[in-house]
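Visitor: Give me a 3D structure for the following:
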Amino acid sequence: MFVISTYTFILLTCHKSSNARYVGALVADVHNVLINGGIYGYPGTRPNPDGKLRLLYESNPMAMIMEQAGGAGTTGFGRILDVKPTEIHMRVPTFLGSIDNVYELDQFHQYYSDEDNEE
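Guide: So this is what the prediction gives:
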């Protein structure tokens, strides 16, 4: 969770054109990202470390649409479309957006996750 809040803070303070919008509906939020740019995120939390969006019928379809539109989809640690489901209702953290924003978020996860594991 620290990774996401740090990334969001830096994104909002360094990129003056960025702002935070959240409709509360996956398709509407992804549509907004496609039209206006930015990044959509539904991270894992302490109670739900695997996130709340289901891989097979929420995260994968939206990641496919995003990639076909020239963007990217990640779990924070790798491409969503590369995740092999282990069960039909498997859940994954989901981040969708421009290639640059998603790559930047992946880099934050790699850097800060290693630091968290050492403590």
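Visitor: would residue 65 count as being in a helix?
Guide: Yes: per DSSP: H, G, I helix; E, B strand; the rest coil, residue 65 lies within a helix segment.
Visitor: Is the residue positioned nearest the centre of the chain in a helix, a strand, or coil?
Guide: In the chain, the centroid-proximal residue (CA atoms, centre = their mean) is residue 95; its distance is 1.2 Å. Following three-state DSSP, we place residue 95 in the strand state.
Visitor: how near is it to residue 70?
Guide: 16 Å (CB to CB, to the nearest Å). C-beta here means a position set from N, CA and C on the backbone, and glycine is covered the same way.
Visitor: Residue 89 too?
Guide: Counting by CB to CB, the gap between residue 89 and residue 70 amounts to 30 Å.
Visitor: which other helices and strands contact the helix or strand containing residue 104?
Guide: Using DSSP states H and E, residue 104 sits within helix 99-118. With contacts defined as 3 or more CB pairs under 8 Å, 6 or more residues apart in numbering; DSSP states H and E, the packing partners of helix 99-118 are helix 2-14, strand 39-42, strand 71-74, strand 94-98.
Visitor: cutoff 6 Å now
Guide: Judged by 3 or more CB pairs under 6 Å, 6 or more residues apart in numbering; DSSP states H and E, the packing partners of helix 99-118 are helix 2-14, strand 71-74.
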